[in-house]
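Asks: Everything below, folded, please.
(one chain, ligands or ions: 1)
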Amino acid sequence: MKKIFWDKGHGGSDPGAVANGLQEKQLTHKIVEYATDYLAAHYEGFTQRVSREGDQSLTLGQRADMANKWGADVFVSVHINAGGGTGFESYVYNGGVSSQTVALQNVLHGEILFAMRGFGAITDRGKKRANYAVLRETKMPAVLTENLFIDSNDSKYLKNEAFLKAVGEAHARGIAKFLGLSQKEKPQPQPQQQVSDKKLYRVQVGAFSDRRNAENLAEELKKKGYPAIIV
Ligand SMILES: [Zn+2]
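Replies: Purely as a prediction, here's the structure:
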């Protein structure tokens, strides 16, 4: 059973970046919820937790502690950028990181950028490294994603629910690839369905306590061309 820890960037009294009628926390919560729903629907062999089910305030240290104590196999922190730029970027810790961490960043970065580009010409700002607390203090492979800029023209994508869903699902697929999760079996198409849905109506023409009477009637019916059966 692989353990996946999702950190919804910002919450409670900390809305994160705010611009264009959008709050970072609302967007990151939606993306993570789309991700967890998608994983639950399509994959098996894992459990997942989120840093906050509701809209609580949490410190950076608390989020890393939760993942460490739980023994998560992977940690993903979801954010929206600010500062007027454009595009997508991902981060790992800028100290010593394992090859697993780099592999996680590679697969997530590729999946997310590919999904985003289904909506428009999204700039790839690159796979970056930074001294972020949640990346530094977590013991498992950890990546932080900055999903476009809330305070630039990028906001038109962030206002599109289908875009947020696609970005969430891309996070989920990236994690599933990284952990090698197996896909749930798809329900098999049922070729018998049409036949089994059809009702058959049978007509009974007589009930006799003497078998001979039944045989006589059956004979008569057969002469007239009906398929008679004695039960
Ligand atoms: Zn943030």
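Asks: what sits against Y43?
Replies: A172, A176, L181, S182, Q183, K184 (Cβ atoms under 8 Å, 6 or more residues apart in numbering). All C-beta atoms are positioned from the backbone trio N, CA, C, and that covers glycine.
Asks: Make a PyMOL selection of the buried ones in those.
Replies: Per 16 or more other Cβ atoms under 10 Å, the buried members of the contacts of Y43 correspond to this PyMOL selection:
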select buried, resi 172+176+181
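Asks: Out of the contacts of Y43, which sit inside strands?
Replies: Members of the contacts of Y43 lying in strands (criterion: DSSP state E): S182, Q183.
Asks: so which two of the contacts of Y43 are the farthest from each other?
Replies: Spanning the widest gap among the contacts of Y43 are A172 and S182, at 14.1 Å by Cβ to Cβ.
Asks: so can I have TSV of the contacts of Y43 showing pLDDT and distance to V32?
Replies: Compiled in TSV, those are given as follows (pLDDT from 0 to 100; distance: Cβ to Cβ, whole Å):
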residue	pLDDT	distance to V32
A172	98	10
A176	98	15
L181	97	17
S182	96	22
Q183	94	21
K184	91	20
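Asks: near the ion, from the contacts of Y43?
Replies: Taking Cβ under 5 Å from the ion as the test, the ion is in contact with none of these.
Asks: which one of the contacts of Y43 sits closest to the ion?
Replies: A172 (19.8 Å; Cβ to the ion).
Asks: can you tell me which residue is nearest the centre of this structure?
Replies: Centroid check for the chain by Cα atoms, centre = their mean gives Y38 as the closest residue, at 1.4 Å.
Asks: That one should be in a helix, yeah?
Replies: Yes - under DSSP: H, G, I helix; E, B strand; the rest coil, Y38 sits within a helix.
Asks: With adjacent residues omitted, what lies nearest to the residue in the chain that the ion sits nearest to?
Replies: Proximity of the chain to the ion (Cβ to the ion) peaks at H79, 3.5 Å away. Counting by Cβ to Cβ, 6 or more residues apart in numbering, H79 lies nearest to G9, which is 3.9 Å off, once chain neighbours are set aside.
Asks: So what's the residue count around the one you found?
Replies: Other residues lying near G9 total 25 when counted by other Cβ atoms under 10 Å.
Asks: Residue numbering should commence at 833 henceforth.
Replies: Sounds good: first residue 833 from here, last item G841.
Asks: dump the residue contacts of it.
Replies: So G841 contacts G848, E856, K857, T860, S909, V910, H911, I912, L976 (Cβ under 8 Å, 6+ apart).
Asks: What about those residues, which are in strands?
Replies: Those of the contacts of G841 lying in strands (DSSP E): S909, V910, H911, I912, L976.
Asks: returning to what we had before: what does the pLDDT read for the residue of the chain closest to the ion?
Replies: At H911 the predicted local distance difference test score is 97.
Asks: Run through the helices of this protein in chain order.
Replies: 856-874, 892-902, 931-948, 965-969, 987-990, 993-1011, 1025-1029, 1043-1055 (DSSP state H).
Asks: Show me which residues of the protein sit near the ion.
Replies: Near the ion, when you scan the chain using Cβ under 5 Å from the ion, you find G841, G848, H911.
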